[in-house]
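Trainee: predicted structure and sequence below. I'll ask about it afterward.
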Amino acid sequence: MAAFSLTPRTVPRVETKHRRIKTAIPNPATLPVIEELMKCEPASMNSELPVVWDRAKAYQVFDASGNCWIDFTSTIFVANVGHSHPRVVKAITEMAGRSLLNAYYYPTEIRSRLARKLLGLVPPSLNKVLFLSTGAETTEVAAKIMMTHGRKVHPDKDIVVAFEGSFHGKTMGAQTMGGKPGGKAWIKHFHPRIVHLQYPYPWVLKELEMTGAQFFDHSLKKLSAKGVNLEEIAGFMAEPYQGWCAVFFPRDYMTALREWASSRQALLAFDEVQAGFGRTGKMFGFEHFGVTPDIICCAKALSSSIPVSAVVARAEVLDVDPSLNSTHGGNPIGMAASLASIEVLQDEDLVRESARKGELAKAELEKWRKDRPDHVCEIFGAGLLWGVFIRDPKTRQLDPELVDRIIEKGMQKGLLSVRTCCGTLKLGPPLVIPDDALMEGIQILRESLDECVAEKK
């Protein structure tokens, strides 16, 4: 994908209750920072919108010149309780003030409190938790314990099934499980016991005239036809929705998968790294399916701030490997931040707020499809997670270039959006965003879409 322009452009001044633009964009005063980072870092770290963050609070991001953007990124679904929530900041600073910055994995009282709090959010059968640092660590651990658990059932039962189009992190194991070919092109030899099923996208089910349950059965038969012994499947790794498009699994598909796995002593792991902690209007994304997983991978919004992740599972699953531990897992500051973040989610009723605000967003986005059917072809999502498919009316294909222009124009108007690089607009504001700021942000995207389409004619 092409880089965003670093040439400052004079844009109309913006001054509303929720946003402010008073300089050229990109802000000329911040360009030295961007240019220095481009010299010192790989290009991959400098591909987002050229806004130099100075501070962020609740649902707003500020640069050093006082420009203020409505944030629709939540720093890629980390800041669910908002940026710099006072209770999270207080928990971090108080723990740092106690002169306990790291404890390896020696016991701490704060880790005990967080473990009990997190286990109180999940089904009772999931009764142990391992704390780590990153989302990729959690998916790697999930694969490890699925394989190890399976081999205790039978020496050859160690196949992990993931899904095409999925994303589970950027380490070798995580990318091998991931379903994006481009992301793992660097890997020459894939793990032979990691295989993939086709994802049950709505358009695929429609074309095949199948229900989700029928498609699951169909997909297993195709896997078997490739020579995979289905009885050797140790577990499934699934995201509740695919990040690039916000498309969820069909409920009946997941019900069928759960029943099949349970009948064959196979495990079901949900990668909740992006979906967890209220993002979809439920505490966890798997709650939309009415099934109970064996393993839950958590990260990002667990702390709404600094790097903390966790694997939650049944005792007999998580204890299957006695070597599981982490140098930074259970970091006291991370534990304090995470405990505070969960308490904010509960005390401010943010999961319910996510569901309520999601209905407002959905109603507004549906107008786009009615008004601009040539460009807006699909809308998916739940809670404060939405994906809007933007296509080229001539080719009928998704239009990543147009989406980049839309979010760049939105930046000039005071809105920050996630760059998907695949032709979808992705909306993911902090759950604390006020209703009027949410509607204002969506309106900015709509204005940007209309202006970009007009410019293209």
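Mentor: Yep, it's here. Numbering: from 1, shown residues only.
Trainee: can you give me the strands for the stretch 351-457 of the chain?
Mentor: Along the stretch 351-457 of the chain, the segments classed as strands by DSSP state E, counting those that start in this stretch run 376-382, 385-390, 415-416, 424-427.
Trainee: for those strands, which one sits closest to Ala185?
Mentor: strand 424-427 (21.7 Å; CB to CB). Backbone N, C-alpha and C define where each C-beta goes, glycine included.
Trainee: where does this structure have low pLDDT?
Mentor: Counting by pLDDT under 70, the chain has low-confidence residues at 1.
Trainee: the most centrally placed residue in the chain: what's it in contact with?
Mentor: Nearest to the mean C-alpha position of the chain, by CA atoms, centre = their mean, lies Gln274 at 2.5 Å. Shown in contact with Gln274 (CB atoms under 8 Å, 6 or more residues apart in numbering): 76-77, 135, 239, 243, 300.
Trainee: the same query, at a cut-off of 10 Å, please.
Mentor: Residues near Gln274 by CB atoms under 10 Å, 6 or more residues apart in numbering: 76-78, 135, 167, 239-243, 246, 280, 285, 299-301, 385, 428.
Trainee: from those, which would you call buried?
Mentor: 77-78, 135, 167, 239-243, 246, 280, 285, 299-301, 385, 428 (16 or more other CB atoms under 10 Å).
Trainee: now, the residues you listed that are in strands?
Mentor: Those of those mapping onto strands are 241-242, 385, per DSSP state E.
Trainee: could I get the CA-only coordinates of the helix or strand where Lys206 lies as PDB?
Mentor: Assigning secondary structure by DSSP states H and E places Lys206 in helix 202-208. Extracted C-alpha coordinates of helix 202-208, given in PDB (Å, rounded to 0.1, in the frame of the first residue of the first chain):
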ATOM      1  CA  PRO A 202     -22.100 -15.100   4.400                       C
ATOM      2  CA  TRP A 203     -21.500 -14.800   0.700                       C
ATOM      3  CA  VAL A 204     -19.900 -18.300   0.700                       C
ATOM      4  CA  LEU A 205     -22.900 -19.800   2.500                       C
ATOM      5  CA  LYS A 206     -25.200 -18.000   0.100                       C
ATOM      6  CA  GLU A 207     -23.400 -19.300  -3.000                       C
ATOM      7  CA  LEU A 208     -23.500 -22.900  -1.700                       C
END
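Trainee: quick one: residues in contact with that helix.
Mentor: Contacts of helix 202-208 (CB under 10 Å, 6+ apart): 198, 200-201, 210-212, 214-215, 218, 247-248, 250, 253, 377-378, 380.
Trainee: how about the helices in the stretch 301-450 of the chain?
Mentor: 315-318, 332-347, 350-371, 400-413, 435-456 (DSSP state H, counting those that start in this stretch).
Trainee: in stretch 74-84, what counts as buried?
Mentor: Under 16+ other CB under 10 Å, the buried positions of stretch 74-84 are 74-75, 77-83.
Trainee: stretch 216-225 now?
Mentor: Neighbour count says stretch 216-225 has 216, 219-220, 223 buried, by 16+ other CB under 10 Å.
Trainee: Thr255: neighbour count?
Mentor: Thr255 has 17 neighbours, counted by other CB atoms under 10 Å.
Trainee: ok so it is a helix residue?
Mentor: Yes: Thr255: assigned to a helix according to DSSP: H, G, I helix; E, B strand; the rest coil.
Trainee: residues contacting the closest residue to it other than its chain neighbours?
Mentor: Among residues not flanking Thr255 along the chain, Val291 sits closest, at 6.3 Å (CB to CB, 6 or more residues apart in numbering). Neighbouring residues of Val291 by CB under 10 Å, 6+ apart: 123, 249, 251, 254-259, 261-262, 268, 270.
Trainee: to which secondary structure element is Val291 assigned?
Mentor: Here Val291 is assigned to no helix or strand, by DSSP H and E.
Trainee: give me phi/psi at it?
Mentor: phi -120, psi 160 (degrees, to the nearest 10).
Trainee: pretty sure Ile25 sits against Glu408.
Mentor: Yes: between Ile25 and Glu408 a contact is recorded at 9.0 Å, counting by CB atoms under 10 Å.
Trainee: hmm, back to that, just name the most buried of the strands of the stretch 351-457 of the chain.
Mentor: Of all the strands of the stretch 351-457 of the chain, strand 415-416 has the most neighbours on average by mean count of other CB atoms under 10 Å, namely a mean of 26.
Trainee: could you list the residues in contact with it?
Mentor: Here strand 415-416 has contacts from 14, 18-19, 21, 48-49, 51, 53, 56, 60-61, 69-75, 407, 409-410, 429, 440-445, 447-448, using CB under 10 Å, 6+ apart.
Trainee: buried subset of the residues you listed?
Mentor: 14, 18-19, 21, 49, 51, 53, 56, 60-61, 69-75, 407, 409-410, 429, 440-442, 444-445, 448.
Trainee: thinking again about what came up before, deepest of the helices of the stretch 301-450 of the chain, which one?
Mentor: helix 332-347 (a mean of 23).
Trainee: tally of neighbours for Arg264?
Mentor: Other residues close to Arg264 by other CB under 10 Å number 15.
Trainee: tell me how far it lies from Gly150.
Mentor: 10 Å (CB to CB, to the nearest Å).
Trainee: tell me, what's touching those two both at once?
Mentor: In contact with both Arg264 and Gly150: 157, 232-234, using CB under 10 Å, 6+ apart.
Trainee: tell me the contacts of Thr139?
Mentor: So Thr139 contacts 162, 166-169, 171, 173-175, 177-178, 237, 239, 269, 271, 273, 295, 297, 299, 309, 311 (CB under 10 Å, 6+ apart).
Trainee: follow-up on the earlier one: could I get the strands of the stretch 351-457 of the chain as TSV with distance to Glu401?
Mentor: Output for the strands of the stretch 351-457 of the chain, formatted as TSV (distance: least, CB to CB, whole Å):
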stretch	distance to Glu401
strand 376-382	16
strand 385-390	10
strand 415-416	19
strand 424-427	13
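Trainee: ok, which of those comes nearest Ala142?
Mentor: strand 385-390 (21.8 Å).
Trainee: can you dump the C-alpha atoms of that closest one in PDB for me?
Mentor: Output of strand 385-390 as PDB, limited to C-alpha atoms (Å, rounded to 0.1, in the frame of the first residue of the first chain):
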ATOM      1  CA  LEU A 385     -17.000  -3.000  16.200                       C
ATOM      2  CA  TRP A 386     -18.100  -2.400  12.600                       C
ATOM      3  CA  GLY A 387     -16.700  -3.100   9.200                       C
ATOM      4  CA  VAL A 388     -18.000  -1.300   6.100                       C
ATOM      5  CA  PHE A 389     -17.100  -2.800   2.800                       C
ATOM      6  CA  ILE A 390     -16.200  -0.200   0.200                       C
END
